[in-house]
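K.L.:
Starting from these lines, generate the structure:
(one chain, ligands or ions: 2)
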Amino acid sequence: MATTKPKTTTTKKTPAKTATPAKTASKTTTTRGQVKAKNSAAEGLTELFVDGLKDIYWAEKALTKALPKMAKNATSPELVAAIEEHLTVTENQVTRLEQVFEMMGEKAVAKKCDAMDGLIKEGESIMEETEIGAVRDAGIIGASQKIEHYEIATYGTLVAWAKTIGEEEAAEQLQMTLDEEKEADMTLTEKAYNTINFDAADEDDSSEE
Ligand SMILES: [Fe+2]
Ligand SMILES: [Fe+2]
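P.N.:
Ligands and ions are numbered 1, 2, ... in the order given. This is a model prediction of the structure:
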């Protein structure tokens, strides 16, 4: 019979948890786990708002290049038309953002949006992973809706921030874009539910034989 030692013999080292004296609280002070802010960190909501504008400005510009590629890879004429229409809308949104920068007395500057970069890359890999036709169309819709949802979340936040800082005119402009993104998302859902997903599912049957 094996004898097991009771586990209670080890002496626990108790870390001195108590009363770690707070270092002089300054902007750069970080305690464990807290991200250290860059020197360029936003000091208030207005600055954070302008940073957000730069981010989505990059994203919209990137989309003006990504959408034509998606349209070329789509086969459903309805889907092609929807993407092309949203391209025109997106180009207009770029201009609208430039106007919002102007309202804020800021230069229109694009700052790389890692999220949109990733979403566009994901769209590209979905195209690589599907044969051209209904299945790729369904994939393109899925990728596009992720993009629209990211935009909806972003513009929703920007509208709220603009209102909070009293930039009503900017809020109105951004609300227009938010509505367009919601409409684009709905159009894509309709296309998916009405035809494209079913056409893609038909491919299952033909490949099962
Ligand atoms: Fe957009
Ligand atoms: Fe969009």
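K.L.:
Tell me which other helices or strands the helix or strand of the chain with the lowest mean pLDDT touches.
P.N.:
The weakest-scoring helix or strand in the chain, judged by mean pLDDT, DSSP states H and E, is helix 197-208 (a mean of 85). Counting contacts by 3 or more CB pairs under 8 Å, 6 or more residues apart in numbering; DSSP states H and E, helix 197-208 packs against helix 134-164. Glycine gets a C-beta too; all of them are placed from N, C-alpha and C.
K.L.:
Next secondary structure element downstream of the helix it packs on?
P.N.:
helix 168-191 (DSSP states H and E).
K.L.:
So for this structure, the centremost residue is which one?
P.N.:
Taking CA atoms, centre = their mean as the criterion, Y150 is the residue nearest the geometric centre of the chain, at 3.4 Å.
K.L.:
and it, what does it touch?
P.N.:
Applying CB atoms under 8 Å, 6 or more residues apart in numbering, we find Y150 in contact with 59, 115-116, 119.
K.L.:
Need the buried ones from these selected in ChimeraX.
P.N.:
Selection of buried members from these for ChimeraX, criterion 16 or more other CB atoms under 10 Å:
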select :59,116,119
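K.L.:
Tell me the one of the contacts of Y150 nearest ligand 2?
P.N.:
Set against ligand 2, the nearest of those by CB to the ion is A59 (9.1 Å).
K.L.:
Secondary structure element holding the closest one?
P.N.:
A59 belongs to helix 45-73 when assigned by DSSP H and E.
K.L.:
so, in contact with ligand 2 or not, the next helix or strand after that helix?
P.N.:
Next in sequence after helix 45-73, counting helices and strands by DSSP H and E, comes helix 77-103. No: figure legend: helix 77-103 not in contact with ligand 2 (CB under 5 Å from the ion); closest approach 5.9 Å.
K.L.:
Which of the contacts of Y150 fall in strands?
P.N.:
Assigned to strands by DSSP state E, none of the contacts of Y150 qualify.
K.L.:
Let's see which of the contacts of Y150 end up in helices.
P.N.:
59, 115-116, 119 (DSSP state H).
K.L.:
quick one: contacts of the least confident helix or strand of the chain?
P.N.:
76, 133-135, 137-138, 141.
K.L.:
Report the angle between that helix and helix 134-164.
P.N.:
Using axes from the mean of the first three to the mean of the last three CA atoms, to 10 degrees, one finds that helix 197-208 and helix 134-164 are set 150 degrees apart in direction.
K.L.:
The residue lying closest to E91 once chain neighbours are set aside: neighbour count?
P.N.:
Take E91 and drop its neighbours on the chain: the residue closest to it by CB to CB, 6 or more residues apart in numbering is T64, 5.8 Å away. Look at T64: counted by other CB atoms under 10 Å, it has 14 neighbours.
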